[in-house]
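Asks: Here is a sequence together with a model predicted from it:
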Amino acid sequence: MKKTGKMKTYFFDQLKDKHLGKVGTEKRDKYEYELRLDLLGEMIR
């Protein structure tokens, strides 16, 4: 996390850890799996 002025900035991985859990948790694994499926579907189109 970086503080620039009055706003805090976060890395995307930090936000995923906070809201979806650390890598290896059930909720995070489900998110990563569904994201991969969505990206694969877009590549096929």
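Replies: Ah, there it is.
Asks: Spell out the residue ranges of the helices in the chain.
Replies: Along the chain, counting by DSSP state H, helices occupy 12-20, 26-44.
Asks: Take those and write them to TSV, including mean pLDDT and distance to residue 5.
Replies: In this view, the C-beta of every residue, glycine as well, is placed from N, C-alpha and C. As requested, those are exported to TSV (pLDDT from 0 to 100; distance: least, Cβ to Cβ, whole Å):
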stretch	mean pLDDT	distance to residue 5
helix 12-20	95	19
helix 26-44	96	31
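Asks: quick one, which of the ones you listed is nearest to residue 6?
Replies: helix 12-20 (18.8 Å; Cβ to Cβ).
Asks: Which residues does the closest one contact?
Replies: Helix 12-20 is contacted from outside by 1, 23, 27, 28, 31, using Cβ atoms under 8 Å, 6 or more residues apart in numbering.
Asks: residues in contact with the fourth one?
Replies: So the one you mean is residue 28. Counting by Cβ under 8 Å, 6+ apart, the residues that residue 28 touches are 16, 20, 21, 22.
Asks: ok, it to residue 43 distance?
Replies: Counting by Cβ to Cβ, to the nearest Å, the gap from residue 28 to residue 43 is 23 Å.
Asks: likewise the third one?
Replies: Taking Cβ to Cβ as the criterion, residue 27 is separated from residue 43 by 25 Å.
Asks: neighbour-wise, which of these two wins?
Replies: Between residue 27 and residue 43, counted using other Cβ atoms under 10 Å, residue 27 has the larger neighbour count: 11 against 7.
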